[in-house]
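Show me the folded form of this:
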Amino acid sequence: MFGLGIFLFVTFLMLFLGSVVLVHDPRNQVNRLFFTWVLFAVFWMIANYLENVSFFTPDARAALLRTDFASAMLAAGFISLFIASFINRKIKSQALSKYLLPAIVLAILSYTPWVLAQVFISSADEVRFVPGLGFYFYVLVIIAYFAIPGVMLLRARHLTPPSQRAQITSVTVGMGLSAVIMLTVNLFLQNYISAAWFRLGIYSAVFFVIGVSWAIIRHEFLRVRFVVVELLLLGILATLLAKVIISSSLRDLVLNLVVFLVMLVLGFAMVRSFLNEERQREEIQKSRDDLERKNEDLQKLDKLKNTMLSVAAHQLRGPLGGIRGYLTMMRDGDLGPVNEKQHEALAMNLNVLSRLMNAVETFLDLGMLEAGKISFQTETVALDEIVAGIVEEFGAPMKRKGLVLGFNCPARRPVLVHVDPNKVKHIIFNVIDNAMKYTEIGSIKVTVEATESEAIVKVADTGVGLSAADLAHLFRKFERGHFISDQGGSGLGLYVVKTLTEMQHGHVRAESAGVGQGTIFSVTFPLAKKP
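This is a model prediction of the structure:
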């Protein structure tokens, strides 16, 4: 009875572990091969145990011995495939068939005299056999099926990271102990020792189970999680199974068996619940990883876009500067006299060119800002003179659009600030250009004011105005008021204005009474310290 209890316990342990591994990821080739090996190992254990049970007829016991040899060969083939797949992660179906071919052939031949020439029952009522011509070939093949993966495991151990190395160590030790005991006891000594002793080969399978279980618990072997709960469940089921075995009456047997089966069903339901939770967690992690990868790709594309824009802007700035110089010379009469109409046309083209160059500068500044490479050449300059010059540039296009452009400087002149003059020109140009773009009728008034510590440039227009919601995000990149989204533009100008202003210790803000009631932009810089 004790031997039967051990046999049932080891068999149940293997079936439970194989089922848990398969349920956790049935699509994984490694898990499927492990479960298949468990099935053939259990077939071998059952045949090996029953072949020496005198309840069966001699012919049945002979058939069980041949089944013992056949299933042992197939189990060896699948454990070898399992190890190979675990190391290489993926084996093609064609390679699987070739790898298993010797095991399949020898399993079939185990039912012929070629492997076992004769099977008989000894005087001690134990099954014995006479080796056939192919028996020694059978021995070589089954040893090879254990030896080859053992060598593969040892080689892989030196080439893998520490976490997987620990997995391989546990599996190698467990498989090595089981293989040595099984081959020695059940293959070479079966004709010389009693059934009670050669059943130790069956029980030795527990070493491989322990090795795999240890790898699962400590090193997440086969990616099986929730192992603590599962092993606790296994302990409960093993206890219930032991109660079934030692039941003293039919009533106790039925009762214990029912409890065992109910707990078995509930246990697998719990494992499946854990599995669903794990899969959801893995899917969430996979989605998070995908988002991170896509975000990295988008950042790379954004950097590439900025680089391309910077290169294009650099290539455009030189020729545009040259064209502007020649147009300025023509307007000023340096290349010969021009009449009033020609002067007006040249002024208009100069303004268009200035706006184009301002857009180029915007892209260049944006690229350098995002790359963190922007620099400032600061000096003390008269802010009122810079603003007056920019207002003069806008005279012709404002007149052509029918807008009244005014400039006023109630502050004591000059209004000195310590800034990068080119960056300030770019800032003020953008603000006035933005006001002109969104004002169809009325006026634009530019004012330079000063307090005790700050210089303020105000640009007030009578244009489309802004809602409170639009004001909240107006200076963000690619953001504009939703009432003005059809006016063209990149949505970058005010973002660059705000960033360049703040980097020079200033600030910018916008005010509007509402949609259709105009907007006032205020750009503020600290006054230059008096010497």
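
From the recorded domain assignment, give the ranges for this protein.
Per automatic domain parsing, the structural domains of the chain span 2-224, 377-526.

just flag whichever of those has the lowest average confidence.
Among the domains of the chain, domain 2-224 carries the lowest mean pLDDT, a mean of 78.

centre of the chain versus it, how much separation?
With CA atoms, centre = their mean, to the nearest Å as the basis, domain 2-224 stands 38 Å off its chain's centre.

dump the residue contacts of E502.
V508 (CB atoms under 8 Å, 6 or more residues apart in numbering). Where C-beta positions appear, they are placed from N, C-alpha and C, glycine not excepted.

does it belong to a helix or a strand, and which?
Element membership for E502, per DSSP states H and E: helix 493-503.

can you map out the strands along the chain?
Secondary structure of the chain (DSSP state E): strands at 116-121, 127-131, 379-382, 404-408, 416-419, 443-450, 454-461, 507-511, 519-526.

Mean neighbour count and distance to M14 added to the ones you listed, as a markdown table?
Listed next are the strands of the chain as a markdown table, based on neighbours: other CB atoms under 10 Å; distance: least, CB to CB, whole Å:
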| stretch | mean neighbour count | distance to M14 |
| --- | --- | --- |
| strand 116-121 | 16 | 26 |
| strand 127-131 | 16 | 23 |
| strand 379-382 | 15 | 84 |
| strand 404-408 | 14 | 91 |
| strand 416-419 | 22 | 80 |
| strand 443-450 | 20 | 86 |
| strand 454-461 | 21 | 82 |
| strand 507-511 | 16 | 74 |
| strand 519-526 | 20 | 78 |
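
Dump the ones you listed to JSON lines, plus distance to L15.
Output for the strands of the chain, formatted as JSON lines (distance: least, CB to CB, whole Å):
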{"stretch": "strand 116-121", "distance to L15": "28"}
{"stretch": "strand 127-131", "distance to L15": "25"}
{"stretch": "strand 379-382", "distance to L15": "85"}
{"stretch": "strand 404-408", "distance to L15": "90"}
{"stretch": "strand 416-419", "distance to L15": "80"}
{"stretch": "strand 443-450", "distance to L15": "85"}
{"stretch": "strand 454-461", "distance to L15": "82"}
{"stretch": "strand 507-511", "distance to L15": "74"}
{"stretch": "strand 519-526", "distance to L15": "77"}
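
The closest residue to E344 other than its chain neighbours and F407, how far apart?
Among residues not flanking E344 along the chain, A396 sits closest, at 6.7 Å (CB to CB, 6 or more residues apart in numbering). Distance, A396 to F407, using CB to CB, to the nearest Å: 15 Å.

Tally up the residues packed near N52, please.
Using other CB atoms under 10 Å, N52 is surrounded by 21 other residues.

Render the CA-only coordinates of stretch 142-157 in CSV, please.
Provided in CSV are the C-alpha atoms of stretch 142-157 (Å, rounded to 0.1, in the frame of the first residue of the first chain):
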residue,chain,number,x,y,z
ILE,A,142,17.7,6.3,-25.2
ILE,A,143,21.0,7.2,-23.6
ALA,A,144,21.6,9.7,-26.4
TYR,A,145,18.2,11.3,-25.9
PHE,A,146,19.3,12.0,-22.3
ALA,A,147,22.9,12.8,-23.0
ILE,A,148,22.5,15.3,-25.9
PRO,A,149,20.2,17.7,-24.0
GLY,A,150,22.4,17.3,-20.9
VAL,A,151,25.4,18.6,-23.0
MET,A,152,23.2,21.3,-24.5
LEU,A,153,22.2,22.5,-21.1
LEU,A,154,25.8,22.6,-19.8
ARG,A,155,26.9,24.5,-22.9
ALA,A,156,24.0,26.9,-22.7
ARG,A,157,24.7,27.6,-19.0
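
Next one: R32 relative to L81, how far apart?
Going from R32 to L81 by CB to CB gives 10 Å.

Looking only at neighbour counts, state which of the two leads.
Using other CB under 10 Å as the criterion, R32 and L81 rank with L81 on top: 24 against 17.

Wait, the more buried one touches L100, no?
Yes. Between L81 and L100 there is a contact under CB atoms under 8 Å: 6.8 Å.

Okay, M152 and I87: tell me how far apart.
Per CB to CB, M152 is found 6 Å from I87.

Kindly apply the preceding question to V10 instead.
Distance, V10 to I87, using CB to CB: 26 Å.

can you check R128 too?
For R128, the distance to I87 - CB to CB - is 39 Å.

go on, L416?
Using CB to CB, one obtains 76 Å as the distance from L416 to I87.

cool, A95 as well?
Using CB to CB, A95 is found at 13 Å from I87.

quick one: which of the two has more around it?
I87 (19 against 14).

Leaving out sequence neighbours, find the closest residue to that one.
That would be A156: by CB to CB, 6+ apart, it lies 4.8 Å from I87.

Give me the number of neighbouring residues for the one you found.
Neighbours around A156, by other CB under 10 Å: 19.

T169: neighbour count?
Neighbours of T169 (other CB under 10 Å): 17.

just V265 next, same as before
When neighbours are counted by other CB under 10 Å, V265 registers 10.

same deal with H343?
16.

gap between it and K401?
Using CB to CB, we find H343 at a distance of 19 Å from K401.

ranges for the helices of the stretch 1-150 of the chain?
Using DSSP state H, counting those that start in this stretch, the helices of the stretch 1-150 of the chain run over 2-24, 29-50, 58-88, 93-109, 135-157.

Could you list every helix and strand in contact with the shortest one?
With contacts defined as 3 or more CB pairs under 8 Å, 6 or more residues apart in numbering; DSSP states H and E, helix 93-109 has these neighbours: helix 58-88, helix 135-157.

Right, I'll leave it there.
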